[in-house]
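Undergrad: Attaching a predicted model along with its sequence, questions to come.
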Amino acid sequence: MAETWLLDVGNCDPDHAMIRGMLTKHFDVRIDRVMFVEDALTKMRERPYALVLFNRLVFADGSEGIELLRKAKADPALKGTPMMMISNYGDAQQASVAAGGEPGFGKADVADPKTAELLRKYLSPKG
């Protein structure tokens, strides 16, 4: 089976560790991590990702994560990549979906079994 790659964008160290732990517990996945929108776009051009998770606010510079989504969806080479916002705020999730993102989840729900179930659409389960 081909490697499944995921890109994590803009999460601080503790949140990245929490998300990574959940992902590696449930899925056979390799994870890249970047802290800036432009770095994420560069990575997305270098490797096909099964899923891109992006924070509502990019931790490193406070920029809006949805800008990554908008830029990627406007790029013909990247627009097909599934992207999902991580946010506890329903209005932010709605804005992400309206801009072409997949329905996401909040940091408060990382350990919820429903989150792993949501991600099964994009990632290969362990086993």
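TA: Okay, I see it.
Undergrad: center of the chain, which residue is that?
TA: Nearest to the mean C-alpha position of the chain, by C-alpha atoms, centre = their mean, lies Leu53 at 0.5 Å.
Undergrad: helices or strands up against the helix or strand harbouring that residue?
TA: Assessed by DSSP states H and E, Leu53 sits inside strand 51-55. Under the contact criterion of 3 or more C-beta pairs under 8 Å, 6 or more residues apart in numbering; DSSP states H and E, strand 51-55 touches strand 5-9, helix 37-46, helix 66-74, strand 83-86. The C-beta positions use only the backbone N, C-alpha and C, and glycine is treated the same way.
Undergrad: The same query, at a cut-off of 7 Å, please.
TA: Using 3 or more C-beta pairs under 7 Å, 6 or more residues apart in numbering; DSSP states H and E, the elements in contact with strand 51-55 are strand 5-9, strand 83-86.
Undergrad: which of these sits most buried?
TA: strand 83-86 (a mean of 26; mean count of other C-beta atoms under 10 Å).
Undergrad: Give the partner strands of that one in its sheet and their orientations.
TA: Sheet partners assigned to strand 83-86 using DSSP bridges are listed as strand 51-55 (parallel), strand 102-105 (parallel).
Undergrad: okay if I get those as TSV plus distance to Glu67?
TA: Below are the strands paired with strand 83-86 laid out as TSV (distance: least, C-beta to C-beta, whole Å):
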stretch	distance to Glu67
strand 51-55	9
strand 102-105	16
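Undergrad: Please identify which of those strands is closest to Arg120.
TA: Among the strands paired with strand 83-86, the nearest to Arg120 by C-beta to C-beta is strand 51-55 (10.9 Å).
Undergrad: Pull the closest one out as PDB, backbone CA atoms only.
TA: Taking C-alpha atoms only, strand 51-55 is exported to PDB below (Å, rounded to 0.1, in the frame of the first residue of the first chain):
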ATOM      1  CA  LEU A  51      -5.700  15.400   3.800                       C
ATOM      2  CA  VAL A  52      -4.500  18.900   5.000                       C
ATOM      3  CA  LEU A  53      -5.500  19.900   8.500                       C
ATOM      4  CA  PHE A  54      -5.200  23.600   9.200                       C
ATOM      5  CA  ASN A  55      -5.800  25.600  12.300                       C
END
